[in-house]
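Chemist: With the sequence up front, the predicted model follows.
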Amino acid sequence: MLKMKELPISERPYEKLEIYGAKKLSNAELLAIIIKTGTKEETAISLAQKILSLNTEKNVSDLRFLQNISEEELCKIKGIGKIKAIQIKAICELAVRMMKPNNVQNIAVQNSQDVADLLMNELKYEKREIAKVILLNIKNIVQKIIDISFGGTNFAMLDPKEVLYEAVKTGAPKIIIVHNHPGGNPTPSKQDINVTRRIITASEILGLQMLDHVIIAENGCESVMKYI
């Protein structure tokens, strides 16, 4: 196997990016730049190809699988040590953070679609179920977005006290609940509807207004309020 320095300059990832730009590089070439070095037996590109072969998704060109692969799984590949695995996971987290809105404050929310536009990119491809509460002022302006459940698999088990705690603490008069469906279908389950009713009741007791509960999934978004 040719070593990286033995490849034509136009085929080396670093030089290729410099000459042609990042968009001209393959997934393996971009990943090779992150990995930086190979081993005596393999180039950084061949190691990158082995990492990409871990993808079990239907769309083999989809890189989102990297977000869910653990450092331990990456380290099982000979030539990918702890440092390289950490570098890859760091890049994945940067990519996720780049999808989040820069400043959620002072954004007005008028309907379910506004909520989806705010969080769709962040949540629609998540493999874990994540629940958030959006705190709003009296004019429906976003004050804060807080994670209230992370990595769980059953939103229905969420305690209304957890949902409402921050709203009570900060004095926010209005809230919106958002969570994702990793399966891709945003249609509310019976459990989603039931827990929404419980949160509405608890909100009213505390003098808060629950404006919406929006479910985000790869195939779109849905308001649970339509089913209440």
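Modeler: Nice, thanks for sending it over.
Chemist: quick one, what contacts the residue nearest to residue 39 when sequence neighbours are not counted?
Modeler: Excluding the flanking residues, the one nearest residue 39 by Cβ to Cβ, 6 or more residues apart in numbering is residue 79, at 4.2 Å. Where C-beta positions appear, they are placed from N, C-alpha and C, glycine not excepted. By Cβ atoms under 8 Å, 6 or more residues apart in numbering, residue 79 lies in contact with 38-39, 41-42, 47.
Chemist: now swap in residue 172 and tell me
Modeler: 135-137, 143-144, 166, 208.
Chemist: Next one: the closest residue in space to residue 106 that isn't next to it in sequence from residue 110, what distance?
Modeler: In space, and not counting its chain neighbours, residue 106 is closest to residue 141: 5.9 Å by Cβ to Cβ, 6+ apart. Separation of residue 141 from residue 110 (Cβ to Cβ, to the nearest Å): 11 Å.
Chemist: now do residue 18
Modeler: Using Cβ to Cβ, we find residue 18 at a distance of 46 Å from residue 110.
Chemist: is it true that residue 202 touches residue 160?
Modeler: Yes: between residue 202 and residue 160 there is a contact at 4.1 Å, judged by Cβ atoms under 8 Å.
Chemist: Those two: who's more crowded?
Modeler: Ranked by neighbour count (other Cβ atoms under 10 Å), residue 202 and residue 160 place residue 160 first, with 19 against 16.
Chemist: hang on, the more buried one packs against residue 204?
Modeler: No: with contact defined as Cβ under 8 Å, residue 160 does not reach residue 204; the gap is 11.2 Å.
Chemist: Buried residues, stretch 109-128. List them.
Modeler: Buried positions in stretch 109-128, judged by neighbour count with 16 or more other Cβ atoms under 10 Å: 109, 112, 114-116, 118-120, 122-126.
Chemist: Tabulate the residues you listed (JSON lines), appending distance to residue 26, secondary structure and pLDDT.
Modeler: JSON lines is the format used below for the buried residues of stretch 109-128 (distance: Cβ to Cβ, whole Å; DSSP: H, G, I helix; E, B strand; the rest coil; pLDDT from 0 to 100):
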{"residue": "109", "distance to residue 26": "40", "secondary structure": "coil", "pLDDT": "93"}
{"residue": "112", "distance to residue 26": "39", "secondary structure": "helix", "pLDDT": "94"}
{"residue": "114", "distance to residue 26": "37", "secondary structure": "helix", "pLDDT": "94"}
{"residue": "115", "distance to residue 26": "36", "secondary structure": "helix", "pLDDT": "94"}
{"residue": "116", "distance to residue 26": "32", "secondary structure": "helix", "pLDDT": "93"}
{"residue": "118", "distance to residue 26": "33", "secondary structure": "helix", "pLDDT": "92"}
{"residue": "119", "distance to residue 26": "31", "secondary structure": "helix", "pLDDT": "93"}
{"residue": "120", "distance to residue 26": "28", "secondary structure": "helix", "pLDDT": "92"}
{"residue": "122", "distance to residue 26": "27", "secondary structure": "helix", "pLDDT": "87"}
{"residue": "123", "distance to residue 26": "28", "secondary structure": "helix", "pLDDT": "90"}
{"residue": "124", "distance to residue 26": "25", "secondary structure": "coil", "pLDDT": "86"}
{"residue": "125", "distance to residue 26": "21", "secondary structure": "coil", "pLDDT": "82"}
{"residue": "126", "distance to residue 26": "26", "secondary structure": "coil", "pLDDT": "84"}
